[in-house]
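Participant: Any chance you could fold what I've pasted below:
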Amino acid sequence: MAMVNVASCFFRTGRQAECEAWHLRIIADNPENPMGWSRHATYIAMGASDDDPEPLLRALDISATAVGKARTWRAWLRWVLADRCRIAADAKRFDIVEAAMVEILDDWPCKCEIDVPFFEWD
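Facilitator: Alright, predicted model coming up:
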């Protein structure tokens with residue numbers, strides 16, 4: 001996850017190209033890791049605006065990949081679904097929000113998952 005922190009530093013300092021390059025490197029280094037895909041989707045979604053919602057649609061596609069990877073790995077599923085909920089809510093795709101929340105709740109009893117501390121905040 002250290003590489004995600006590097007990408008975040010680039011994002012916070014306005015160096016978007018470097019931020020995206022680090023996200024793509026994270027995915028290239030471990031393409032089956034759902035967190036790399038989810039972090040990249042979240043980053044892409046941040047580029048959306050009322051005038052340009054296209055990044056949200058792109059982010060939803062990337063987050064769908066993250067969810068698929070999390071299901072296969074059987075790890076990080078609730079975390080990735082929570083990220084998907086935020087992106088879908090921004091895109092006003094409440095059907096996706098609802099489906100992701102149902103899956104989160106269905107998966108909640110699974111002790112193999114790491115709990116997501118920010119669920120209480122949302």
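Participant: which helices and strands sit right next to the lengthiest helix in the chain?
Facilitator: Identified as the longest helix of the chain according to DSSP state H is helix 54-73. Here helix 54-73 touches helix 34-45, helix 77-90, going by 3 or more CB pairs under 8 Å, 6 or more residues apart in numbering; DSSP states H and E. Using the backbone N, CA and C atoms, a C-beta is placed for each residue, glycine as well.
Participant: could you redo the last one with a cut-off of 10 Å?
Facilitator: helix 16-29, helix 34-45, helix 77-90, helix 94-107 (3 or more CB pairs under 10 Å, 6 or more residues apart in numbering; DSSP states H and E).
Participant: Report the backbone C-alpha coordinates of the first one in CSV.
Facilitator: Think helix 16-29. Provided in CSV are the C-alpha atoms of helix 16-29 (Å, rounded to 0.1, in the frame of the first residue of the first chain):
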residue,chain,number,x,y,z
GLN,A,16,-2.0,14.4,-11.7
ALA,A,17,0.0,12.7,-14.4
GLU,A,18,2.4,11.2,-11.9
CYS,A,19,-0.5,10.2,-9.7
GLU,A,20,-2.2,8.3,-12.5
ALA,A,21,1.1,6.8,-13.6
TRP,A,22,1.6,5.4,-10.0
HIS,A,23,-1.9,4.0,-10.0
LEU,A,24,-1.3,2.3,-13.3
ARG,A,25,2.0,0.9,-12.0
ILE,A,26,0.3,-0.5,-8.9
ILE,A,27,-2.2,-2.3,-11.2
ALA,A,28,0.6,-3.5,-13.6
ASP,A,29,2.7,-4.8,-10.7
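Participant: Could you check how far the residue most central in space within the chain is from Asp90?
Facilitator: Residue closest to the mean C-alpha point of the chain, counted by CA atoms, centre = their mean, is Ser38 at 2.7 Å. The spacing between Ser38 and Asp90, counted by CB to CB, to the nearest Å, is 15 Å.
Participant: for the residue sitting furthest away from the middle of the chain, helix, strand, or coil?
Facilitator: Here the chain reaches farthest from its C-alpha mean at Asp51, the gap being 22.3 Å by CA atoms, centre = their mean. Here Asp51 is recorded as coil under DSSP: H, G, I helix; E, B strand; the rest coil.
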